[in-house]
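**Student:** Provided below for reference: sequence and predicted model.
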Amino acid sequence: MIAFVWAQDQAGTIGKNGKLPWHLPDDLHQFKQLTLGQLTVMGRTTYEGLPKRPLPGRTNIVLTHQEDYQAPGAVVVHDRAELLAYASTHPQQRLMIVGGAQVFMAFADIVDRLYVTKLAGTFQGDVKMPPLDWAAFKQIASREVIDSDPRKTHVFETWARK
């Protein structure tokens, strides 16, 4: 199974300077629960924006075009085919794609599951979630969390490919 895991604001913003534009502990907890023990895939910029590298308890995979890129404690791959070949040798683990935008675009046609946290407000950012074919998915779960900061009120949604 291939899944996307991300959070976005009302405008589709997902990042700012390689990091999240908000601090949302609930979302970080959900992210951890979904990705622990899995193949967790991210682009180089997303990887470099992590507060701790690599993410503990997961197989971190960095997808980059930089042939000589080094990511201690992570697997480095350079294209979709190489990533899928690596994943095929680990069939017991899910492929959890966590960003950024270019990585999401590279797998949008084959993703099976979407785990999205939608924030009620808008935040300053420089990266947007690429468009997805939402008609190809059906929502299978939704849970709203009210926050004292109305901009941080959010909904956890799960979508499965039809």
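**Tutor:** All right, it came through fine. Numbers count the residues shown, from 1 in each chain.

**Student:** residues touching the residue most central in space within the chain, list them.
**Tutor:** With distances taken as CA atoms, centre = their mean, the chain has Val98 as the residue nearest its mean C-alpha position (1.8 Å). Neighbouring residues of Val98 by CB atoms under 8 Å, 6 or more residues apart in numbering: 4-6, 31, 35, 40-42, 46. From N, CA and C alone the C-beta is placed, and that goes for glycine too.

**Student:** buried ones in stretch 140-154?
**Tutor:** Residues of stretch 140-154 classed as buried by neighbour count (16 or more other CB atoms under 10 Å): 152, 154.

**Student:** helix/strand/coil for Thr158?
**Tutor:** Taken by DSSP: H, G, I helix; E, B strand; the rest coil, the conformation at Thr158 corresponds to strand.

**Student:** from Val5, how far off is it?
**Tutor:** With distances taken as CB to CB, to the nearest Å, Thr158 is found 10 Å from Val5.

**Student:** likewise for Ser142?
**Tutor:** Ser142 sits 16 Å away from Val5, taking CB to CB as the criterion.

**Student:** and for Ile110?
**Tutor:** Ile110 is 16 Å from Val5, where distance means CB to CB.
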